[in-house]
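1. Sequence plus the predicted model coming up.
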Amino acid sequence: MNTLTRSRTTFQSSELSRSSAEVFAAAADHPVEVTRRDGESLVLMSGSADRARTNLLELAAQLVAVSTSTDGTLVRRMIDRFPWMLALSLADRETCANDILSAARASFATNQPHLAIAELTAWRETATAIAAGLGQEPVEWLDDSVVVERP
């Protein structure tokens with residue numbers, strides 16, 4: 001299959017039965033619309049793309065709840081929805097809240113769910129690592145002057 005077929009976003013329903021491999025390959029890369037003469041078009045996408053959209057909608061619901069509340073600061077309202085933020089320092093809580101909101105806005109504006117989900121996951125994993133006590137021991141840096149023989 002050529003890259004032109006893989007980049008297509010619309011297929012006729014007859015192509016789905018005639019050239020299903022091409023349609024499925026395109027749908028594995030991005031959602032594709034399957035048009036039908038006898039009804040509304042359908043969208044075919046990978047399970048991971050569907051899960052990413054679902055996760056983004058769940059995050060959107062949480063952020064709408066945060067933004068419509070008037071109780072406390074933005075960070076306090078975010079902590080109510082994302083209690084794992086309590087493991088972060090005060091400064092990191094502020095940065096986390098702003099980073100998640102910025103990534104969510106970018107996701108919504110570009111229809112790229114992974115931007116917000118990756119940001120949320122990175123901060124949650126950071127908080128989890130901090131809560132587990134990781135990163136508390138001093139870091140031993142290698143001396144920059146050490147020369148390593150090329151293999």
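-> Looks like it arrived, so ask away.
2. So for the helix or strand containing residue 76, what gets flagged as buried?
-> The secondary structure element spanning residue 76 is helix 74-81 (assigned by DSSP states H and E). Under the neighbour-count criterion of 16 or more other CB atoms under 10 Å, helix 74-81 has 75, 77, 78, 79 buried. Yep, even glycine has a C-beta here, placed from its N, CA and C like the rest.
3. any idea which of those residues is closest to residue 102?
-> Residue 102 has its nearest neighbour among those in residue 78, at 13.0 Å by CB to CB.
4. Enumerate every residue touching that closest one.
-> With contacts defined as CB atoms under 8 Å, 6 or more residues apart in numbering, the neighbours of residue 78 are 66, 85, 93, 96, 97, 100.
5. now those: which count as buried?
-> Buried positions within the contacts of residue 78, assessed by neighbour count (16+ other CB under 10 Å), are 66, 85, 93, 96, 97, 100.
6. Distance-wise, check residue 13 relative to residue 24.
-> Residue 13 sits 14 Å away from residue 24, going by CB to CB, to the nearest Å.
7. ok, now which ones touch residue 11?
-> Under the criterion of CB under 8 Å, 6+ apart, the contact list for residue 11 reads 23, 26, 32, 33, 34, 35.
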